[in-house]
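K.L.:
Generate coordinates for the sequence data below:
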Amino acid sequence: MQIILAVLAVALYCVLVWAFFVYVAKYLAAALLSIGLIVALFDRFHACLVPHGAHERTLPPEPAYREYLYDRGWRVLRGIATNGFRMAWEHVEIANRGAMMLFSDMALVTWPLGVVAYASLGAAIICGAAIHVAVTLVHGTILGVGASLWMLAAWTLRAIERGGRLIRRASFVCPHADCHLPMAIPLYRCAACAAEHRRLLPGRYGVLRRRCRCGRKLPTLMMFGRDTVPAFCPQPKCDRPLSAVIGTARNVHFAVVGGASAGKTVYMIAAVRALSALDDVRVRFLDSRDERQFKQIARRFDGGAAAEKTTPGSPTAFLLNVQTNDKETLVYLYDAAGEMYAGSESLRQQNYFQTATAVILIVDPFSLDRVQAELGEELNEMRPLLRPSEQRPQECYDRVALLLRERQGEHIGSVPLAIVLTKVDAFDLQSEIDAIEAESIATPQQGTVEGSRAVRTWLLRHEEGNLVRSAESDFVSVGYFACSALGRVADASSAPLRGHGVLQPLAWIAGHAGIDPDGRWREPLRNATRQRITNRVAEAPEEAAS
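P.N.:
Numbering: from 1, shown residues only. Presented below is the predicted three-dimensional model:
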């Protein structure tokens with residue numbers, strides 16, 4: 001009887017278990033699976049609300065806040081993913097307590113419930129984890145795509161600005177002494193907190209504007225006002241302020257070279273005065289120091305006094321903003337003391353030859369051996385007033401040409417060279433050159449000479465053939481000019497000093513640089529030269545014909 005009862009009990013137990021798995025388990029499993037998925041989704045939602053410490057922060061190398069897509073967004077995603085998995089694990093630990101249904105004293109009765117619970121909750125955990133991972137991947141993909149589109153926009157704007165500079169041929173070049181180096185972009189200092197932004201460009205810190213560590217918004221493009229942010233040279237040894245116009249207009253770099261006392265400074269000031277007097281040309285000084293120096297020397301000229309000697313050392317560029325033909329050009333004029341050209345080592349420190357657009361070689365005629373021999377005592381009597389240069393033009397030229405080859409390599413041929421014979425007001429040199437010009441009109445010669453053929457002939461006649469041949473061999477474009485920067489010898493007279501012929505060399509190199517392609521600067525000079533030579537021929541036709 002006991003055996004029968006036992007068999008009946010076992011049979012009843014099996015029927016109940018079978019009935020449970022057939023009629024109850026699927027509903028219970030569905031309920032538990034639904035609860036598990038709801039809990040997993042709640043964990044994800046709750047993880048988004050839990051603080052994760054993703055606060056804004058400034059990140060090197062710039063003292064600014066990175067955009068959300070490049071810093072905070074990823075830290076938020078990491079915090080959400082970490083919190084979500086942590087909460088899910090806590091629920092797994094709670095589910096593990098159901099192990100008593102499998103291993104407790106009542107396991108014989110509760111094990112079907114444990115199996116369903118473990119299977120359902122396990123499936124819920126797997127599905128919830130898959131959802132969590134999928135949502136995390138989607139979140140990360142959105143951040144990644146957004147960051148890529150952001151950077152694409154940033155690089156596009158960079159390319160547009162750089163392309164605009166290339167079209168205008170504008171660049172960033174430091175004008176200060178002992179530097180003169182080109183730069184990719186200046187160093188910008190925040191006007192509010194003086195924080196140094198070395199790459200104020202569209203990028204991870206902002207496309208149109210970036211937020212400095214002090215909270216101030218700084219524009220990242222010239223078109224939005226980056227030139228209003230104080231700019232400085234990024235070279236550590238320099239770190240001096242830069243004009244806001246640098247980088248916005250086309251740059252040309254004219255180096256005025258020559259020996260000590262050759263007349264470089266007076267020529268440069270006289271040429272700028274003549275340029276400022278032209279119609280349709282507007283000259284503006286970008287540095288108050290340059291404007292003060294110009295006005296000071298101009299007042300000395302008006303009072304009959306020449307300019308003082310240039311201070312030895314590397315020059316600070318004379319910056320001019322020249323507007324003509326609806327075009328704006330930033331002109332760098334470099335005037336180093338003549339002593340710099342006496343030695344190769346001191347000259348090699350002049351970095352502006354790396355970016356030189358043109359070179360003006362000032363030739364003091366009274367520094368030539370042939371002229372000194374011809375004039376003899378007359379020159380000695382006038383020496384205190386004329387102050388002839390102690391350096392020969394050939395020595396200065398050789399050092400400059402060597403430095404240009406070192407700095408610009410094969411591009412030296414593309415740099416125009418203007419050879420300017422100055423101080424022609426003394427000893428009636430201008431009349432001598434006009435006579436040679438009249439000879440060339442009466443007896444045409446083959447070949448073309450840019451500028452004045454008479455100046456070239458004069459140099460050849462005074463044993464400077466080596467200088468002429470060297471220049472024409474090294475440079476594709478060589479122009480010859482004669483001028484008097486002061487108009488007369490600067491003696492004790494207080495009559496104003498007014499130069500003549502000073503603009504023609506500057507206009508010639510400006511034409512080669514594309515500033516004055518139509519030659520409008522030179523037209524008044526051409527007319528004056530033609531009239532002077534015509535008068536010369538009319539006064540002495542027989543001499544001109546010979």
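K.L.:
give me phi/psi at the residue nearest to the spatial centre of the chain?
P.N.:
Nearest to the mean C-alpha position of the chain, by Cα atoms, centre = their mean, lies Phe172 at 3.4 Å. Main-chain dihedrals, Phe172, degrees, to the nearest 10: phi -100, psi 120.
K.L.:
Next, find the distance separating it from Ala25.
P.N.:
Taking Cβ to Cβ, to the nearest Å as the measure, Phe172 falls 77 Å from Ala25. All C-beta spots, glycine's among them, are computed from the backbone N, C-alpha and C.
K.L.:
In the stretch 101-250 of the chain, where is pLDDT below threshold?
P.N.:
Under the criterion pLDDT under 70, the flagged ranges of the stretch 101-250 of the chain are 101-108.
K.L.:
can we see that at 80?
P.N.:
101-129 (pLDDT under 80).
K.L.:
quick one: the helices in it?
P.N.:
Assigned by DSSP state H, counting those that start in this stretch, the stretch 101-250 of the chain shows helices spanning 107-168.
K.L.:
Next SSE downstream of the helix or strand where Ile4 lies?
P.N.:
Per DSSP states H and E: Ile4 is located in helix 2-19. Going down the chain from helix 2-19, the next helix or strand is helix 25-49, by DSSP H and E.
K.L.:
I'd say the residue nearest to the centre of the chain and Ile185 touch.
P.N.:
Yes. With contact defined as Cβ atoms under 8 Å, Phe172 and Ile185 form a contacting pair (6.4 Å).
K.L.:
Over to the closest residue to Ser414 other than its chain neighbours: give its phi and psi.
P.N.:
In this structure, Ser414 finds its nearest non-sequential neighbour in Val476, 6.9 Å apart by Cβ to Cβ, 6 or more residues apart in numbering. The phi/psi pair for Val476 (degrees, to the nearest 10) reads phi -70, psi -40.
K.L.:
Roughly how far does Val476 sit from Gly511?
P.N.:
Taking Cβ to Cβ, one finds Val476 at 14 Å from Gly511.
K.L.:
And Cys179, by the same measure?
P.N.:
Distance, Cys179 to Gly511, by Cβ to Cβ: 29 Å.
K.L.:
same deal with Ala274?
P.N.:
Using Cβ to Cβ, Ala274 is found at 15 Å from Gly511.
K.L.:
Can you give me the distance of the residue nearest to Ser414 to Val415?
P.N.:
Val476 is 9 Å from Val415, by Cβ to Cβ.
K.L.:
more crowded one of these two?
P.N.:
Neighbours were tallied for Val476 and for Val415 using other Cβ atoms under 10 Å; the higher tally belongs to Val415 (22 against 12).
K.L.:
Just list the residues touching that one, thanks.
P.N.:
Residues in contact with Val415 (Cβ atoms under 8 Å, 6 or more residues apart in numbering) are Ala356, Thr357, Ala358, Val359, Leu404, Gln408, Phe475.
K.L.:
Now render these as a markdown table, adding pLDDT.
P.N.:
Below are the contacts of Val415 laid out as a markdown table (pLDDT from 0 to 100):
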| residue | pLDDT |
| --- | --- |
| Ala356 | 90 |
| Thr357 | 90 |
| Ala358 | 92 |
| Val359 | 93 |
| Leu404 | 87 |
| Gln408 | 82 |
| Phe475 | 89 |
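K.L.:
nearest to Pro234, of those residues?
P.N.:
Ala356 (21.5 Å; Cβ to Cβ).
K.L.:
burial count for the closest one?
P.N.:
24.
K.L.:
now swap in Lys217 and tell me
P.N.:
Neighbour tally, Lys217, other Cβ under 10 Å: 11.
K.L.:
again with the one 4 residues further on
P.N.:
The local packing count at Leu221 equals 19, with neighbours defined by other Cβ under 10 Å.
K.L.:
rewinding a little: in the sheet, who's paired with the residue nearest to the centre of the chain?
P.N.:
Beta-bridge pairing of Phe172 under DSSP bridges involves Met183.
K.L.:
roughly how far apart are it and Asp474?
P.N.:
Taking Cβ to Cβ, one finds Phe172 at 29 Å from Asp474.
K.L.:
Also Tyr13?
P.N.:
112 Å.
K.L.:
Of the two, which one has the most company?
P.N.:
Using other Cβ under 10 Å as the criterion, Tyr13 and Asp474 rank with Asp474 on top: 19 against 12.
K.L.:
I'd like to know how far the more buried one sits from Ala124.
P.N.:
85 Å.
K.L.:
With Gln394 instead?
P.N.:
Computed as Cβ to Cβ, the Gln394 to Ala124 distance reads 94 Å.
K.L.:
Looking at the two now, which is surrounded by more residues?
P.N.:
Just comparing Gln394 and Ala124: by other Cβ under 10 Å the higher neighbour count belongs to Ala124, 22 against 15.
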